[in-house]
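K.L.:
predicted model, plus sequence, below.
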Amino acid sequence: MKRILRIGMDVHSTNYTLCAMEPIIGEDDRIFANIQVTPDYKNILMFIENLKMKLGLDNEYDIQCGYEAGCLGYSLYNQLTAAGVKCVILAPTTMLTPQGQRVKTDARDALMIAQCLSYGGYHAVYIPTEEDDSVKEYLRMRDDHKTALKKIKQQINALCLRHGYHYEGTKWTIKHAAWLRKLELSPLYRETLDEYMASYDEQTAKIERFDKRIGELASGESYEEKAKKLGCFLGIKTHTALSLLVETGDFSRFAKGNTYAAFLGLAPGESSSGDKVNRTGVTKAGNRHLRQLLIEAARGICKGAVGHKSKELRARQSGNTAEVIAYADKANTRLRSRYYKLIRHGKKKNAAVAAIARELACFVWGMMTDNTGMKMA
């Protein structure tokens, strides 16, 4: 029988700390080495080879490496697996950590990772395909520019407010932009505002270009059919649909819809003791980016009349099968009705929107796994 050797790696941009351990049930674990090396995967390969020479491992040991998800992304995983080394990425929120311990060092973290690998105290991170990962990076780059645009808008609004200019209508329309360009300001103030407006125009043009490119990516063979299905839901357009596809990957790895919602951090928390039951907000443990997108989609759902379908939604649903459209319509009606019911019963708006986002995640899972007859969690 092969003996088990686990290598925990606490990885940073400046160094890697490696801990090689053999778990022994009922006794203290056997620590072979705990060293720090420069951040190069070849040093890990050299570390493993030195262990084999020192211990005479040959094929007697089952060797596996692991590290926490973090700044390195999937690069180290891809390098090690390409070199024939078994490797996993551990989801930090699922790792079993010692209680009451206040000492934290790289060496202790590497040992803890090795122990998690040995005793199964973790869930492995899903590794996307190279295509999915590259599309994900593009989508997130677009969102970073959207955040920058929002910041520029805030700066322009603040500049106008500081100097006594207040626009009465809806902001950031064509009329508002024309009003900003016609403000009578002293020369340096005018120059300042013009620079802000130039940045605003540049970011707006970039985002339009990015959105066009995202539409092209979504129409690719790998994503077109699934993206069209997700577009049948209220609040889910091309950008959100493509993000859900590339960042979730295989939807079937989740047993049911509420498991998927928990993966996104949309499940409600609980802090109960004895007879006292205390429900808390959503856990926010999981994929923050997808959680934010579904919250935004839920805000779009929580407007308008129940059962109403806009021309835009009808256009997005066009070309899908009758079963897909019927399932999406059922979801849209249920979610919008449920939101108004929660508000009537005194729920705060943010809590109601989170509840709708959670159910929307369940419907998305059902659509992507063909479990369209499931009962909602």
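P.N.:
Structure's in. What do you need? No experiment lies behind these values; they were computed from the predicted model shown.

K.L.:
tell me if residue 97 really is in a strand.
P.N.:
No: counting by DSSP: H, G, I helix; E, B strand; the rest coil, residue 97 is not part of a strand but coil.

K.L.:
contacting residues for it?
P.N.:
residue 112 (C-beta atoms under 8 Å, 6 or more residues apart in numbering). Where C-beta positions appear, they are placed from N, C-alpha and C, glycine not excepted.

K.L.:
and the gap between it and residue 113?
P.N.:
Applying C-beta to C-beta, to the nearest Å, the value for residue 97 to residue 113 is 10 Å.

K.L.:
so where does residue 185 fall, helix or strand?
P.N.:
Taking DSSP states H and E as the definition, one finds residue 185 inside no helix or strand.

K.L.:
secondary structure class of the closest residue to it other than its chain neighbours, three-state.
P.N.:
Ranked by C-beta to C-beta, 6 or more residues apart in numbering and with sequence neighbours excluded, the top spatial neighbour of residue 185 is residue 193, at 6.4 Å. What three-state DSSP gives for residue 193 is helix.

K.L.:
all numbers from here: first residue = 299
P.N.:
Understood, numbering begins at 299; the last thing we discussed is residue 491.

K.L.:
relative to residue 383, how far out is residue 491?
P.N.:
In terms of C-beta to C-beta, residue 491 sits 57 Å off from residue 383.

K.L.:
so how far is stretch 538-548 off the chain centroid?
P.N.:
9 Å (C-alpha atoms, centre = their mean, to the nearest Å).

K.L.:
list the contacts of it.
P.N.:
424, 426-427, 430-431, 433-434, 437, 512, 515-516, 521, 524-525, 528-529, 534, 558, 585, 587-588, 591-592, 594-595, 662, 666.

K.L.:
got the CA coordinates for that stretch in CSV?
P.N.:
Provided in CSV are the C-alpha atoms of stretch 538-548 (Å, rounded to 0.1, in the frame of the first residue of the first chain):
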residue,chain,number,x,y,z
THR,A,538,-24.4,38.6,-16.5
ALA,A,539,-25.3,35.4,-18.4
LEU,A,540,-21.7,35.0,-19.7
SER,A,541,-20.2,35.7,-16.3
LEU,A,542,-22.5,33.0,-14.7
LEU,A,543,-21.4,30.5,-17.4
VAL,A,544,-17.6,31.0,-17.2
GLU,A,545,-17.3,31.5,-13.5
THR,A,546,-19.6,28.6,-12.5
GLY,A,547,-18.3,26.2,-15.1
ASP,A,548,-20.1,22.9,-14.6
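
K.L.:
for that stretch, buried residues please.
P.N.:
Neighbour-count burial for stretch 538-548 flags 538-546 (criterion: 16 or more other C-beta atoms under 10 Å).

K.L.:
and for stretch 385-404?
P.N.:
Quick answer for stretch 385-404 (16+ other C-beta under 10 Å): 385-389, 404.

K.L.:
so which of these comes closest to residue 335?
P.N.:
Nearest to residue 335, judged by C-beta to C-beta, of the buried residues of stretch 385-404 is residue 404 at 11.2 Å.

K.L.:
just checking, the closest one touches residue 335?
P.N.:
No: with contact defined as C-beta atoms under 8 Å, residue 404 does not reach residue 335; the gap is 11.2 Å.

K.L.:
before we move on, back to that, pull out the buried residues from the contacts of stretch 538-548.
P.N.:
Listed as buried from the contacts of stretch 538-548 are 426, 430-431, 433-434, 437, 512, 515-516, 521, 524-525, 528-529, 534, 558, 585, 588, 591-592, 595, 662, 666; burial here means 16+ other C-beta under 10 Å.
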